[in-house]
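In: Curious how this folds, go ahead:
(one chain, ligands or ions: 2)
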Amino acid sequence: MLVLGIETSCDETSAALVDGARIVSSVVLSQLDHAPYGGVVPELASRAHLRTLVPVVRQCLAQGGLELAQVDGIAVTCGPGLVGSLLVGLSMAKGLALSAGKPLIGVHHLEGHIFSNLLGSDLEPPFLVLLVSGGHTELVTVAELGHYRCLGRTRDDAAGEAFDKVAKVLGLLPPGQVVAGGRAVSTWAAKGDPAAIAFPRAMSGGPGFDFSFSGLKTAVLNYARGLRPGELEQQLPDIAASFQEAVVDALVQTTLRAQADSGMGAVALAGGVAANTLLRQRLQEACQQRGARFHCPPLPLCTDNAAMIAAVGHHYLRLGRVAGLDLDVDPRLRLGAD
Ligand code: KG4
Ligand code: ZN
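Out: Ligands and ions are numbered 1, 2, ... in the order given. Predicted coordinates:
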């Protein structure tokens with residue numbers, strides 16, 4: 001069964017064809033429009049999706065050597081995300097579904113990130129997943145596909161958001177290029193000493209499995225502001241490395257506590273921050289030490305992509321759970337048990 005996926009929730013315009021756990025073709029276009037602003041500008045994002053989504057879908061079908069008529073269903077992200085961007089994707093998906101007479105499947109973006117672990121892999125529930133993206137930081141148990149329980153989440157900034165803000169304020173983003181804040185921080189961190197500065201750990205301090213990154217972010221900004229002229233440039237690698245160390249440490253420690261508490265034998269990583277090399281290594285080592293299976297998606301499937309959306313669509317299409325053409329977007333859609 002072949003599903004066409006469409007993802008436009010933020011600043012990646014993407015289409016993919018997926019057959020079960022197999023990616024038949026995939027196109028991801030990262031928008032360049034936001035580079036001068038140091039962050040995603042919602043209106044520019046919607047307009048860029050409007051310009052590029054049709055060519056991206058065409059390219060995806062051509063890459064797979066397939067026509068729309070051969071597709072069994074059309075899956076599209078309907079939330080959470082930027083409302084204008086989501087509307088462009090959903091309108092496109094509805095148009096295709098209507099014109100080709102195909103079923104439409106509305107997909108939760110975070111469920112897509114969870115499913116990115118299942119593409120090309122034999123991972124099966126139950127497992128615990130650490131979802132770390134630009135908008136979310138959550139620890140979720142997957143009892144079975146479609147049945148999710150959130151054990152903890154960030155009380156303020158998402159991990160990716162903290163990476164992005166620190167990269168922006170410290171001026172780590174290469175001028176004129178589109179590089180994720182997290183990637184820029186980790187590139188600088190590779191040249192620095194992670195033990196140079198003792199930043200506070202991004203823990204919520206409570207007994208549960210929540211996170212809090214705003215205190216850490218403020219500590220980094222205050223540290224940078226307290227430096228004399230010239231010192232900041234010199235210390236950038238150490239600041240980046242020490243900040244990254246504090247984020248990764250908090251993510252790994254809390255995930256391990258949740259793993260022990262939930263008794264899950266497998267731990268997965270998902271979301272854009274799952275592309276962070278240090279996080280992948282640390283969590284893998286920690287899981288290995290306690291005999292738990294560890295899984296993380298290949299790098300291109302960590303950040304936003306339509307293959308993960310098509311994979312979710314495939315699952316629900318098989319179950320016959322399709323949407324009507326009155327499907328709407330929800331920028332704050334929650335990932336709930338059902
Ligand atoms: O999942 P994603 O592509 O979009 C959202 O759904 O938010 O995640 C984007 C986030 C950004 O905050 C970006 O800075 C972060 O993922 N990111 C990274 C790395 N690559 C992307 N964070 C840390 N290290 C990386 N290598
Ligand atoms: Zn995402």
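
In: CA atoms for contacts and neighbours, from now on please.
Out: Noted.

In: Have a look at the chain and report its longest helix.
Out: In the chain, with assignment by DSSP state H, the single longest helix is helix 231-262.

In: That helix packs against which elements?
Out: In terms of contacts (3 or more CA pairs under 8 Å, 6 or more residues apart in numbering; DSSP states H and E), helix 231-262 is packed against helix 181-189, helix 214-225, helix 277-289.

In: residues in contact with the second one?
Out: Pointing back at helix 214-225 there. 156-157, 162, 165-166, 169-170, 199-202, 232, 239, 243, 246 (CA atoms under 8 Å, 6 or more residues apart in numbering).

In: Swap in 10 Å and give it another go.
Out: Residues from elsewhere that reach helix 214-225, judged by CA atoms under 10 Å, 6 or more residues apart in numbering: 154-159, 161-163, 165-166, 169-170, 197-204, 226, 231-233, 235-236, 239-240, 242-243, 246-247.

In: now, which of the residues you listed lie close to ligand 1?
Out: 161, 163 (CA under 6 Å from any ligand atom).

In: Buried only: go through the contacts of helix 214-225 for me.
Out: Buried members of the contacts of helix 214-225, counted by 16 or more other CA atoms under 10 Å: 154, 156-159, 161-163, 165-166, 170, 197, 199-204, 232, 235-236, 239-240, 242-243, 246-247.

In: Which stretches in the stretch 51-200 of the chain count as helices?
Out: Along the stretch 51-200 of the chain, the segments classed as helices by DSSP state H, counting those that start in this stretch run 83-100, 109-115, 159-169, 181-189.

In: Which strands and helices lie in contact with the third one?
Out: Right, the one you point to is helix 159-169. In terms of contacts (3 or more CA pairs under 10 Å, 6 or more residues apart in numbering; DSSP states H and E), helix 159-169 is packed against strand 127-132, strand 137-144, helix 181-189, helix 214-225, helix 231-262.

In: Pull the number of nearby residues for residue 259.
Out: Neighbour count for residue 259, taken as other CA atoms under 10 Å: 22.

In: pLDDT score for it?
Out: If you check residue 259, the pLDDT there is 97.

In: Tell me who's in contact with it.
Out: 127-129, 139, 141, 253, 265-267, 287, 290, 292.

In: Look at the nearest residue to residue 64 once chain neighbours are set aside and report its pLDDT.
Out: Once flanking residues are discounted, residue 64 sits nearest to residue 25: 5.2 Å by CA to CA, 6 or more residues apart in numbering. Note for residue 25: predicted pLDDT of 98.

In: Ligand 1 contacts on the stretch 1-150 of the chain?
Out: Counting by CA under 6 Å from any ligand atom, the stretch 1-150 of the chain comes close to ligand 1 at 133-135.

In: Reformat these as TSV; add pLDDT.
Out: Output for those, formatted as TSV (pLDDT from 0 to 100):
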residue	pLDDT
133	95
134	92
135	92
